[in-house]
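Q: Generate a structure from the sequence data that follows.
(one chain, ligands or ions: 2)
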Amino acid sequence: MIQVEGLTKRYARNVAVDHVSFSVEKGQIVGFLGPNGAGKTTTMRMLTCFMPPTEGTATIAGFDVIKQPLEVKKRIGYLPETPPVYPDMEVGEYLQFVARIKGVAEKDVLARSQEVATRCFVKDVWSKLIGKLSKGYRQRVGLAQAIIHNPDVLILDEPTSGFDPKQIIETRDLIKSLAGDHTIVLSTHILQEVKAMCESLVIINKGKIATSGRLDDLTRRNGAVLEVSVPEGASSSDEITAPFEGIEGVTAVTASDDGGLWRVDVDTATDADLRPKLAQIVLGKGWNLYRLDAAAVSLDDMFLRLTAAAEEVGQ
Ligand SMILES: Nc1ncnc2c1ncn2[C@@H]1O[C@H](COP(=O)(O)OP(=O)(O)OP(=O)(O)O)[C@@H](O)[C@H]1O
Ligand SMILES: [Mg+2]
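A: Numbering: from 1, shown residues only. Ligands and ions are numbered 1, 2, ... in the order given. Purely as a prediction, here's the structure:
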């Protein structure tokens, strides 16, 4: 649905986006992550035809953002960093205005505007001037205008910024409910939000892609983590690690005592799931099992590592 190839934006002094390539399948929600100044907004502006790339190509539903901007704009809903709202218009009036600009049939304009107002929780401020709304409410109006023409693709630049906790949860639910029919790219600084909503992610740092792929694949790590206790007490960490060390494929076992509960990290060279075997060993020893999880890299660790690494190479 979205194909990006070598997309580049150069300003006079710096390269904001540097040969970025990624693709997004239909119906997916992709998280676009990166520190401040990484190039998220610039990339989104190029995808939505708000700014031409210096180099490279991007297609939305098969249409080229440079050669076929009108076709692209019909199929895309965009919530920019600052919502494109007019302060001296009432919410309902504005939504109907946008619906007309975006080609919603005249007979459907009112119903469609009311529908998105309800979906984005702005029905209660329908007759209020946008300029008198709070930041969070203005952001909700911004989201409503992005989906009003039922576009195939939604590009949302920090969609929950400025929301209160209840609104964050409701907006995440709304965005998730839009996936499937819509393909969604959203930028955020909240890693929790990526975990809650996105199947895939693209991490960008200093204009370059640091990594991209399915969230499960990127955070998968071979091995398992256990928490056990030894009823009569353990004499040392060796007593805890020994039974696991002989298992085929196990490369390292470490144990640390956390107030009587032992945390055991079992690393493996294969991606075979050793958890049933580990459980048998624990029970066979007469220990108590409190936790047994497949090992995973935390998204936070991965993000910090990837965005710090590029800093070290000093670019
Ligand atoms: N109009 C402009 N002229 C010159 N440089 C610009 C312009 N707009 C953005 N930049 C630069 O491009 C880089 C990328 O900015 P961009 O706004 O895309 O980052 P971002 O990832 O969206 O950051 P944030 O998380 O803060 O929103 C930054 O170094 C920024 O200073
Ligand atoms: Mg930005």
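Q: Just the closest residue of the stretch 1-150 of the chain to ligand 2, please.
A: residue 41 (3.1 Å; C-beta to the ion). Every C-beta, even on glycine, is put in place using the N, C-alpha and C of the backbone.
Q: so is that residue in a helix, a strand, or just coil?
A: Per DSSP: H, G, I helix; E, B strand; the rest coil, the local secondary structure of residue 41 is helix.
Q: Give me the contacts around the strand or helix carrying residue 174.
A: Assigned by DSSP states H and E, residue 174 belongs to helix 165-178. Here helix 165-178 makes contact (C-beta atoms under 8 Å, 6 or more residues apart in numbering) with 29, 119-121, 136, 140, 143, 147, 154, 156, 159-160, 163, 184, 186, 193, 196-197.
Q: buried sites along that helix?
A: Buried residues in helix 165-178, defined by neighbour count with 16 or more other C-beta atoms under 10 Å: 167, 168, 170, 171, 172, 174, 175, 178.
Q: Stretch 50-59 now?
A: So, applying 16+ other C-beta under 10 Å, buried residues of stretch 50-59: 50, 51, 53, 56, 57, 58, 59.
Q: Check what pLDDT the second one gets.
A: It refers to residue 51. On pLDDT, residue 51 comes in at 93.
Q: Look up how far residue 220 lies from it.
A: Residue 51 sits at a distance of 36 Å from residue 220 (criterion: C-beta to C-beta, to the nearest Å).
Q: any bit of stretch 45-52 sitting next to ligand 1?
A: No. Judged by C-beta under 6 Å from any ligand atom, stretch 45-52 and ligand 1 are separated, with a smallest distance of 7.7 Å.
Q: starting at the chain centroid, how far to that stretch?
A: How far stretch 45-52 lies from its chain's middle: 20 Å, per C-alpha atoms, centre = their mean, to the nearest Å.
Q: can you list the buried residues of stretch 50-59 in CSV and add secondary structure and distance to residue 283?
A: Putting the buried residues of stretch 50-59 into CSV (DSSP: H, G, I helix; E, B strand; the rest coil; distance: C-beta to C-beta, whole Å) gives the following:
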residue, secondary structure, distance to residue 283
50, coil, 60
51, coil, 61
53, coil, 59
56, strand, 56
57, strand, 57
58, strand, 55
59, strand, 55
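Q: Closest one of these to residue 231?
A: residue 58 (61.0 Å; C-beta to C-beta).
Q: residues in contact with that closest one?
A: With C-beta under 8 Å, 6+ apart, residue 58 has these contacts: 2, 3, 4, 5, 7, 46, 47, 64, 65.
Q: Buried among the residues you listed? Need that as a selection in ChimeraX.
A: Restricted to buried positions by 16+ other C-beta under 10 Å, the ChimeraX selection for those reads:
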select :2,4,7,46,47,65
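Q: Tell me the one of the contacts of residue 58 nearest residue 130?
A: residue 47 (25.7 Å).
Q: Assign the residue lying farthest from the centre of the chain to helix, strand or coil.
A: The outermost residue of the chain relative to its centre, with distances by C-alpha atoms, centre = their mean, is residue 232 at 46.0 Å. Under three-state DSSP, the three-state class of residue 232 is coil.
Q: How much space separates it from residue 24?
A: Distance from residue 232 to residue 24, counting by C-beta to C-beta: 55 Å.
Q: do the same with residue 305
A: Distance, residue 305 to residue 24, using C-beta to C-beta: 24 Å.
Q: Of these two, which one has the most company?
A: A count of neighbours by other C-beta atoms under 10 Å puts residue 24 above the other of residue 305 and residue 24, at 22 against 12.
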